[in-house]
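Undergrad: Only the shape, not the letters, is given here:
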């Protein structure tokens, strides 16, 4: 993982000796551009932002986490998490002995209203120190609901070779860069055909698709901080707000303004 986070604030990863219950909820406010560096846990983690926008990074991919989504990290998987915008989040730590039916790989889930309500309820029960059959029933419901949550495939894969790392980092820093594969080939000293094949082999998708995903990723970040759709569209390299809106709707199922209203309504 080489996307630059030099100017981010690195936080100490909270440590627990163990999980006294099948599920433990930890609540925290994470300011913008604060992150927990690469780490792993001795238990599963269900990471959910109740407000704001977060990211999770594992291996060669970044995942956006909005209040409509959650990120599942199985036991022992090395990952990094941070806030693109100020975020309130809940980490559900889940013991392996109750997670037999839960995924064995990292995955992004869509969070249903029921799941959100169960997380909020378990959080409040924990703050009150309640220990009862009702708490156990809420925990069982959460485990049942995780299995039923729909998964999402949106993520931003990342290459490994120095040549492609340079290109992707420059595009990440400047998403309005319009250079095509031929221009990048001249810049990096490779033929367009070679560059195209290496990119697909390392990243798993073509440059055009990767650039589209990058712009969605950056759009989600920018929408959390700005109301000006025109400025966001230009910063991402779109000539008109309508072109940006069309792309965003195709990817996210709604217009940028609708997405922003939905997110803010949950905060």
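TA: That came through, no problem. Note that the structure is predicted; figures quoted are calculated from it, not measured.

Undergrad: which element follows the host helix or strand of residue 164 toward the C-terminus?
TA: Per DSSP states H and E, residue 164 falls inside helix 162-173. The helix or strand immediately downstream of helix 162-173 is helix 181-188, counting by DSSP H and E.

Undergrad: Would you tell me what the next helix or strand after that following helix is?
TA: Proceeding C-terminally, helix 181-188 gives way to helix 192-203 as the next helix or strand, assigned by DSSP H and E.

Undergrad: Kindly tell me how buried the nearest residue to residue 87 once chain neighbours are set aside is, as a neighbour count.
TA: Leaving aside its chain neighbours, residue 87 sits nearest to residue 52 (2.9 Å; criterion: CB to CB, 6 or more residues apart in numbering). Bear in mind the C-beta positions are built from the backbone N, C-alpha and C, glycine included. Neighbour count of residue 52, defined by other CB atoms under 10 Å: 23.

Undergrad: same check, this time on residue 133
TA: Residue 133 has 7 neighbours, counted by other CB under 10 Å.

Undergrad: Could you measure from the nearest residue to residue 101 once chain neighbours are set aside over to residue 97?
TA: Distance criterion CB to CB, 6+ apart; nearest residue to residue 101, sequence neighbours excluded, is residue 147 at 5.5 Å. Counting by CB to CB, to the nearest Å, the gap between residue 147 and residue 97 amounts to 16 Å.

Undergrad: Please apply the same query to residue 152.
TA: When CB to CB is applied, the distance between residue 152 and residue 97 equals 28 Å.

Undergrad: Those two - which one has more neighbours?
TA: For residue 152 versus residue 97, neighbours defined as other CB under 10 Å are more numerous around residue 152 (16 against 9).

Undergrad: if I pick the more buried one, what's in contact with it?
TA: In this structure, residue 152 makes contact with 69, 108, 109, 110, judged by CB atoms under 8 Å, 6 or more residues apart in numbering.

Undergrad: I'd like to know which of those residues is nearest to residue 241.
TA: Checking the contacts of residue 152 against residue 241 with CB to CB, the nearest one is residue 69 at 25.1 Å.

Undergrad: residues in contact with stretch 99-115?
TA: For stretch 99-115, using CB under 8 Å, 6+ apart, the contacting residues are 44, 48, 56, 58, 63, 65, 67-75, 77, 79, 94, 142-143, 145-147, 149-155.

Undergrad: actually stretch 202-219, not the one I wrote
TA: The list of residues contacting stretch 202-219 from outside it, by CB under 8 Å, 6+ apart, reads 60, 62, 64, 154-161, 164, 168, 171-172, 175, 181, 184, 196, 199-200, 232, 235-237, 244, 247-248, 251-252, 256.
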